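1. Quick one, what's the 3D model for this:
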Amino acid sequence: MRSLANFLSVLAIIGALASGTFYYLNTLEANNLAQELQTSQVQLKAESAKSANLAAKNHDLQEQLEQNARSLQEARSNITVISARSNQLKRENQRFTEELEMRMDNEENLQRSLADLKKEMAAQKANSITLEEANAYEQKIATLESTILKLESTPVKVASPSTAEGYGNLKPGPSDANGRILTVGPQSSFVIVSLGYTSGIRLDHLLEIKREGESIAKIQISEVKENLSIARILPGSLKIDPIAGDLVVSAN
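-> Prediction:
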């Protein structure tokens, strides 16, 4: 009987030790799990912060990409404008070249006509022509010489094919244009006016010269500066020679 009691006591002791050991192990494992959970939460927060940073960087990169796309589109538009302007300048240069060649041909023809008239006048004088006939030939020679001088003094750049097609193809200058003649070229071939780019004046604008309220000529802008322009007097519109100080307005 005592042996059974002792055996049971041993079993109780062993059970208590096993229970304590199990409790200790469970507690240790629970602490480990809690520590691992805390570590995982810290790592999760770190990863969340990294994800937020990556999202912000992605947003910045997206904005930069959109800005680059806008810049590229603007550059393409500028290239298109520059290309169109280049083609326009090529066409204008071709017109100027053709005009120069035409003027040279006209001058050459006038020179030949002048030489022929001089020879004819010399021959007529040798045959004792009348004074009236000699004066008529001299008048023709003077007219031809004046025409040649005018061609030589007229700047090439002021020519434009649009003047040959009529004034209707020219765009009138700004309605509020109000300037003055600064300089008149030789034999009224061109004028310099006190209206420029800042006054709204552009190439090939049509303006009018007035004196005492009366129109005396129409002009075509051939070169524009900031505060002044160069213009040619259109053929057939000149009534009297302009002078410095004459009024320049839009030819509406």
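
2. and Leu100, how many neighbours?
-> By other C-beta atoms under 10 Å, the residues close to Leu100 number 13. (Glycine included, C-beta is placed from N, CA and C.)

3. residue ranges with poor pLDDT in the stretch 1-150 of the chain?
-> 1-2, 118-150 (pLDDT under 70).

4. again, only using 50
-> Counting by pLDDT under 50, the ranges of the stretch 1-150 of the chain that qualify are 126-129.

5. mind listing the helices for it?
-> 2-126, 131-153 (DSSP state H, counting those that start in this stretch).

6. And those: which comes nearest Ile181?
-> Proximity to Ile181 (C-beta to C-beta) singles out helix 131-153 among the helices of the stretch 1-150 of the chain, at 17.5 Å.

7. re earlier: any idea which of the helices of the stretch 1-150 of the chain is most buried?
-> Most buried of those, by mean neighbour count (mean count of other C-beta atoms under 10 Å): helix 131-153, with a mean of 13.

8. TSV please, covering the helices of the stretch 1-150 of the chain and showing distance to Asp241.
-> Below are those laid out as TSV (distance: least, C-beta to C-beta, whole Å):
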stretch	distance to Asp241
helix 2-126	22
helix 131-153	13
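
9. can you tell which of those helices is closest to Gly179?
-> Nearest to Gly179, of all the helices of the stretch 1-150 of the chain, is helix 131-153, at 23.5 Å by C-beta to C-beta.

10. ok so, going back, which of the helices of the stretch 1-150 of the chain sits closest to Leu203?
-> Of all the helices of the stretch 1-150 of the chain, helix 2-126 sits nearest to Leu203, with 8.8 Å by C-beta to C-beta.

11. Run through the stretch 151-252 of the chain and note the low-pLDDT ranges.
-> Applying pLDDT under 50 to the stretch 151-252 of the chain flags residues 156-165.

12. got the residue ranges for the helices in it?
-> Using DSSP H, counting those that start in this stretch, the helices of the stretch 151-252 of the chain run over residues 161-164.

13. Can you show me the strands along it?
-> Along the stretch 151-252 of the chain, counting by DSSP state E, counting those that start in this stretch, strands occupy 171-172, 178-184, 190-193, 205-211, 214-224, 229-233, 247-250.

14. So which of those strands is the most surrounded?
-> Greatest average neighbour count among the strands of the stretch 151-252 of the chain goes to strand 229-233 (a mean of 24), per mean count of other C-beta under 10 Å.

15. CA atoms of it as CSV?
-> Written as CSV, here are the backbone C-alpha positions of strand 229-233 (Å, rounded to 0.1, in the frame of the first residue of the first chain):
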residue,chain,number,x,y,z
SER,A,229,10.1,100.7,-92.8
ILE,A,230,11.2,101.0,-96.4
ALA,A,231,8.5,101.1,-99.1
ARG,A,232,8.3,101.4,-102.9
ILE,A,233,6.0,103.8,-104.6
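
16. and it, which strands flank it?
-> Applying DSSP bridges, strand 229-233 is found paired with strand 190-193 (antiparallel), strand 214-224 (antiparallel).

17. re the thing from before, of all the helices of the stretch 1-150 of the chain, which lies closest to Leu207?
-> Closest of those to Leu207 is helix 2-126, at 19.9 Å (criterion: C-beta to C-beta).
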